[in-house]
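1. here's my sequence, what's the structure:
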Amino acid sequence: MFFTKKILSLLILLAGITLSAAEGTFNELPVKVVLFPIREATLSTPIDGIISKYNFRGGERFRKNDVLLTLDDRKFKNELRRTESLVKEAEMNVAFTKQRLEDNERLLKNDLQSEIEVLRSRFDWNVAIERLETARINRDGAALNLLFCTLRAPFSGTIEKLLIREFEMVRAGQPVLAIIDDTELLAVMNLPSSKLSAVKNGLPVTVKITENNRTVRGTIYEIASRADHRSETFEIKVKINNSKRLFKAGMSGVLIKLGE
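-> Now for the predicted structure:
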C-alpha cells in the first residue's frame, strides 16, 4: 500500500508538470540565463597618433556619431595644407602646358614651328594632367587622415573600457577602447533538446534576473543551428528591451516561462 501511494503521488506530480508545460510555464529544470549586449565592438584608429582627449569614460553612455576620442591633428593639418598647395601648383602647370601646346599648334599651321615641338608640348601637357591627378589623390588622402583623427561612435551604447591612456602614442589598428550596445540585451540560455519543436523566433519568453529580482519579458531572437550532444541542450537568445537601463550585461537569472 505504501508503494502504491508513492507511485500515485509521483504520477500526480508528473501530470502537474505536463499541465504547467502546456500552459507555457517552464518547470522541467532550472535554466540559467545570462545577459549579453546585443552589440559590442573594440575600436581602433586607422592611423598612428597621440590621443589628445577621451570624451567619455568607462560606464558613461553615448549616442551614435558622438565623438569618442580625438587624436593630436596638428601634423595632419600641416600635411593637408602642403598637399593643397601642390594641387594648386599642378593646376597652374596644366594651364601653362596647355597654353604652350596651343601656341605651338598655331605656329605649326603657319610653318613657324616644327612638328616635334608640338609633340613634345602635347607630351608635357599630358604629364602635367597626370601629376595633377596624383596631387589630388595625395590631398584627398591627407584630408582622410585628418578625418581619422576623430573617432565617432558607430552605434549608441556604453563605454566598457578605455584601453589606452590620454597622451599615449597609438599605432594604426591598435585597439583603443571597447564599447557595448546595451539599449537591448540578449538573454542567452540552453534549453533541453526535447523543447526544440516548441520554440521559434519571435516566441515570447519570460525570465527573472537574480541581481535585482526583476522579471522581464522578451522574444526569441536567435536559435542555435546545432545542439550540444553532451548536455542534450541547444542555445537560444532572447532579445530584451533595456531602454530604461534596469539591467546590465553580465547579470544572470533563470527562465520562468516559454510562450504567452
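
2. which helix or strand contains the most far-flung residue of the chain relative to its centre?
-> Distance from the C-alpha centroid of the chain, by Cα atoms, centre = their mean, peaks at residue 111 (67.5 Å). Using DSSP states H and E, residue 111 falls within no helix or strand.

3. what about it, distance to residue 30?
-> Applying Cβ to Cβ, to the nearest Å, the value for residue 111 to residue 30 is 102 Å. Heads up, the C-betas are built off the backbone N, CA and C, glycines and all.

4. tell me the SS of residue 33?
-> Secondary structure, DSSP: H, G, I helix; E, B strand; the rest coil: residue 33 is strand.

5. quick one: pLDDT of residue 113?
-> Listed pLDDT for residue 113 reads 86.

6. does it touch residue 107 like I think?
-> Yes. With contact defined as Cβ atoms under 8 Å, residue 113 counts as touching residue 107 (3.5 Å).

7. what's the closest non-adjacent residue to residue 138?
-> Spatial nearest neighbour of residue 138, chain neighbours left out: residue 83 (4.7 Å); criterion: Cβ to Cβ, 6 or more residues apart in numbering.

8. now do stretch 224-242, average pLDDT.
-> Mean pLDDT, stretch 224-242: 94.

9. how far is it from where the chain is centred?
-> 23 Å (Cα atoms, centre = their mean, to the nearest Å).

10. then it to CSV, C-alphas only?
-> Taking Å, rounded to 0.1, in the frame of the first residue of the first chain, the C-alpha atoms of stretch 224-242 are listed here in CSV:
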residue,chain,number,x,y,z
ALA,A,224,21.3,27.8,-32.4
SER,A,225,21.7,25.7,-35.6
ARG,A,226,23.5,22.9,-33.7
ALA,A,227,22.6,21.2,-30.4
ASP,A,228,25.1,20.1,-27.8
HIS,A,229,25.1,16.3,-27.8
ARG,A,230,27.0,16.2,-24.4
SER,A,231,24.4,18.1,-22.5
GLU,A,232,21.5,17.4,-24.8
THR,A,233,20.6,21.1,-25.0
PHE,A,234,20.5,23.9,-27.6
GLU,A,235,21.1,27.6,-27.2
ILE,A,236,18.6,30.4,-27.7
LYS,A,237,19.0,34.1,-27.4
VAL,A,238,16.1,36.3,-26.3
LYS,A,239,16.0,40.0,-27.1
ILE,A,240,15.1,42.2,-24.1
ASN,A,241,14.4,45.9,-24.2
ASN,A,242,16.7,47.8,-21.8
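
11. in it, which residues are buried?
-> The neighbour-count check on stretch 224-242 (16 or more other Cβ atoms under 10 Å) flags 227, 233-234, 236-240, 242 as buried.

12. which helix or which strand is home to residue 218?
-> strand 214-223.

13. which strands and helices sit next to that strand?
-> strand 175-192, strand 204-209, strand 233-241 (3 or more Cβ pairs under 8 Å, 6 or more residues apart in numbering; DSSP states H and E).

14. now the helix or strand hosting residue 135: how far from the chain's centre is it?
-> Using DSSP H and E, residue 135 sits within helix 115-147. Distance, stretch centre to chain centre, for helix 115-147: 38 Å (Cα atoms, centre = their mean).

15. what's in contact with the next helix or strand after that helix?
-> Counting by DSSP H and E, the next helix or strand C-terminal to helix 115-147 is strand 150-152. Strand 150-152 is contacted by residues 43, 45, 65-71, 176 when judged by Cβ atoms under 8 Å, 6 or more residues apart in numbering.

16. strand 150-152 pairs with which strands, parallel or anti?
-> When pairing is defined by DSSP bridges, strand 150-152 lines up against strand 67-71 (antiparallel).

17. now do the buried residues in the partner strand.
-> 68-69, 71.

18. what angle separates that strand from strand 175-192?
-> 140 degrees (axes from the mean of the first three to the mean of the last three Cα atoms, to 10 degrees).
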